[in-house]
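Enquirer: task: produce atomic coordinates for the following.
(chains A and B)
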Amino acid sequence: MAADWKGAIDCDVHPHVPSIDALKAHMNDYWRETVEVRGITAFESVAYPPNAPITLRPDWRGDKTAGRQRADTDAGRAAAALMDRHGFAHSILNCLYAVQLIRDENMAAAFCRAVNDWMRVEWLDRDPRYRASIVLPLQNPELAVEEIERCATDQRFVQVLALAMGEVPLGKSQFWPVWKAAEKHGLAIGIHAGSSYHHATTGSGWPSYYLEDYAAQSLAFHTQLGSFIAEGVFVKFPKLKLVLIESGVTWIAPYLWRLSKFWRGVRLEVPWIDRSPVEFVRDHVRLTIQPFDAPASGETVGRLMDQLQSDEMLLFASDFPHWQFDNDDMLPVGIDASLRKKILIDNPLATYSRLGGSHAA
Amino acid sequence: MPLDDPMAPKITTENGKASAAPNRLAVIDGDIHPAVRSMADLKPYLSKRWWDHYETYGMRRKHGSANGEPYPKSAPLACRRDAWPEEGGRPGSSLRLMQEQHLDAYGIEAGILGPLGNTGQGEMNLELSAAMCSATNDWQRDTFTRPEKRLKGGLVVPYEDGVAAAKEIERCGADTNFGQVFLLTRSAEPLGNRRYWPIYEAAERYSLPIGFHVFGTSGHPVSGAGWPSYYIEEGAGHSTSCQTVVTSLVIEGVFERFPKLKVVMIEGGFAWAPALAFRLDKVFERMRSEVPHLKRRPSEYIRDHVYFTTQPMEEPDDRRHVLDVMNWIGWDKLLFASDYPHWDFDDPFRAFPAGVTTEQHRRICAENGKSVFRLN
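Expert: Residues are numbered from 1 along each chain as shown, chains lettered A, B, ... in the order given. As a prediction, this is how the structure comes out:
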């Protein structure tokens, strides 16, 4: 029997900006001229080298001889790949155009505006099932707040987006005006794998291989989670939801055991943290399910799921077009029907308050 | 815990000397920290040139702090309040107190030392680093391992200079006073990189395992996410620096190149290891064309080469979760460690959750250490 995906909410889909021209169309004269005069061709990140296996699943890659275009550069082709075929209710767009690489905060803000407007026109307007995350110029929190205020009137934006590796951990108070704006508008905070590459990707410098760079993404999520908890972001903004996207899943429980033990030992340092980190995570933190780092064993997956001690933390995500699974194996083995429904539908609805309204309508 | 606590280790007194009850477990402790009373303890082991240099310029590591720590700990020197010697000096500097309070009291058969502080490791002046490491090794041997046969030294090396580090292993490697080569996890580059390979080559030759202890001053934040504000983040984050070490050793091919090498991850916990192995296997499956030097899946190298000390033990609400993790890692790869004299000390008889069988407990506390540390 074919698995039923109807009504699922795909919480991680990556639209790909096809060229700088696509963005220029959404820039003012000054920035359009800047792009031309300075010869800016693209901001693309080595976090996903275009030909690396994980970046695009083989059947979603462009293929000139087969006359096939890559599936992630067009709203219709992307919808056909999974959403149409399986009857998803929504797909949430997380654009990874690498605005975070830019050192000039004004240029970063200009590119963020262009990316968000491009998504609005080329994706959201073209298919009512799409929702999107607002790409933020976190190089300057004031500019990030401005971008939230500019986009938030459009209810199809359901989240704000940051990368796992920026300049300083995202729980720090310099970002609180940004999280305050997100909370005010009912936007979740999404942190996606990826880096500004303003620091080395590991605590011991730069690794030799891309494989290590990708593996190290989960380590940055440890830091981000610790930062949100230790700085007291959830105490300050009790309605916030934090979504860790493409972070992997199975690292989180062991890290929380360690963090909670440290908290018991050194909590005099962070007296505003009045309950165990585990409790903050259950109330505020969600993870998308791809990639799920575990062997294909129902028994092992079951034990790992039990470590989470909650059936509300996982959100369905295909991570399209990244090559996380083959065929339609979008969920790890060993998930029962009730948990499956929570992951596919209930948990995303509970996480994205803006989605709930439109879904019910 | 007062020693008259009913759970306390039983101590018998024979000829006025305390010793453990005869039928108790002969514990191997994988992480004991000796300390200098003051830096003057190292003076006899340093040339005038380097002592004068030290006195004039001090130590310079990649954290900018001349004294103390950028992330102050929650206790002075992160030590147990009861571990400060009556005669003065730092916790860990009195062999007498270490014997009385720890080795005798817990029936420690073998204790592996890991010197921290101004040992020269991570010092930016590489020649000073080498001189300090040599001095630390000689001091460690004269002050601890020669007078107390239960202790084995941790051979510190100037690891940012792989060739000089290998030379130090050459100098001391045949000396049975040393039970492991001792490195820190936060290095300038990931520790599997080729610049560190002379260390592994020399260690393998002398049948010394490499102990990777948390801390170190790489100059890089704990992860690519930047510098956190609080010690709780930095401290909990050490498990990520351990993951960086294991990832790098495996993916760069260190275990292919040095197939007899054994490594011990010290004080970073262990519960992260299965999830890391799962992740690396998965990424490897996608991108093995990038790393054709690897002949096996990452989890297989980890299973064969990597040991983990247990302190500080992860403590989930449901103890079955940590038992699962211990099963996945393998009961032959876990090693008890106390972290004496630090504040987050683990007791070999109570740190482990109910559900660890007597046999498993025996292997972790008394058996596994024999197959990795050089104890004879």
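
Enquirer: can you tell me what sits against the helix or strand hosting B:Val322?
Expert: Assigned by DSSP states H and E, B:Val322 belongs to helix B:319-329. By C-beta atoms under 8 Å, 6 or more residues apart in numbering or on different chains, the list of residues contacting helix B:319-329 from outside reads A:253-254, A:257, A:303, A:306-307, B:270-271, B:273-274, B:308, B:313-316, B:334, B:353-356, B:360. To be clear about C-beta, it is placed using only N, CA and C from the backbone, and glycine gets the same treatment.

Enquirer: buried subset of those?
Expert: Neighbour counting with 16 or more other C-beta atoms under 10 Å in any protein chain shown marks A:253-254, A:257, A:303, A:307, B:270-271, B:273-274, B:308, B:313-316, B:334, B:353, B:356, B:360 as buried within the contacts of helix B:319-329.

Enquirer: mind listing the strands for the stretch 101-250 of chain A?
Expert: With strands called from DSSP state E, counting those that start in this stretch, the stretch 101-250 of chain A shows them at A:130-135, A:157-165, A:188-195, A:242-245.

Enquirer: how about A:Val281, nearest residue that isn't a chain neighbour?
Expert: Once flanking residues are discounted, A:Val281 sits nearest to A:Leu256: 6.1 Å by C-beta to C-beta, 6 or more residues apart in numbering or on different chains.

Enquirer: which residues touch that neighbour?
Expert: Per C-beta under 8 Å, 6+ apart, neighbours of A:Leu256: A:277-278, A:281.

Enquirer: what does B:Thr176 give?
Expert: Neighbouring residues of B:Thr176 by C-beta under 8 Å, 6+ apart: B:374, B:376.

Enquirer: for chain A, see how far away it is.
Expert: 31 Å (C-beta to the nearest C-beta, to the nearest Å).

Enquirer: ok, now how distant is B:Val325 from A:Lys261?
Expert: Here the criterion is C-beta to C-beta, to the nearest Å. By it, B:Val325 lies 14 Å from A:Lys261.

Enquirer: ok, now B:Tyr159?
Expert: For B:Tyr159 relative to A:Lys261 (C-beta to C-beta), the value is 29 Å.

Enquirer: kindly report the same for A:His86.
Expert: Taking C-beta to C-beta, one finds A:His86 at 42 Å from A:Lys261.

Enquirer: from what I can see B:Ala236 touches A:Pro254, true?
Expert: No: judged on C-beta atoms under 8 Å, B:Ala236 makes no contact with A:Pro254 at a distance of 10.9 Å.

Enquirer: residue ranges of the helices in the stretch 1-150 of chain A, please?
Expert: With DSSP state H, counting those that start in this stretch, the ranges of helices along the stretch 1-150 of chain A come out as A:20-24, A:29-37, A:75-78, A:84-86, A:105-122, A:141-151.

Enquirer: just name the most buried of the ones you listed.
Expert: Using mean count of other C-beta atoms under 10 Å in any protein chain shown, the stretch among these with the largest mean neighbour count is helix A:105-122, at a mean of 22.

Enquirer: so which bits of stretch A:64-78 are buried?
Expert: Buried residues in stretch A:64-78, defined by neighbour count with 16+ other C-beta under 10 Å: A:70-75, A:78.

Enquirer: what comes into contact with that stretch?
Expert: The contact list for stretch A:64-78 (C-beta under 8 Å, 6+ apart) reads A:13-18, A:56, A:60-62, A:80-81, A:91, A:122-123, A:126-127, A:130, A:320-321.

Enquirer: looking at these, which are in strands?
Expert: Among those, the members found in strands (DSSP state E) are A:13, A:91, A:130.

Enquirer: is any part of stretch A:86-102 close to chain B?
Expert: No: with C-beta under 8 Å from any C-beta of the partner chain as the criterion, chain B is not reached by stretch A:86-102; the gap is at least 11.7 Å.

Enquirer: from the chain's centre, how far out does that stretch sit?
Expert: 7 Å (C-alpha atoms, centre = their mean, to the nearest Å).

Enquirer: for stretch B:263-273, same thing?
Expert: 10 Å.

Enquirer: repeat that for stretch A:201-219.
Expert: Centroid displacement of stretch A:201-219 relative to its chain, using C-alpha atoms, centre = their mean, is 19 Å.

Enquirer: anything in that stretch near chain B?
Expert: Yes: against chain B, stretch A:201-219 shows contacts by C-beta under 8 Å from any C-beta at A:201-212, A:214-216, A:218-219.

Enquirer: thank you, goodbye.
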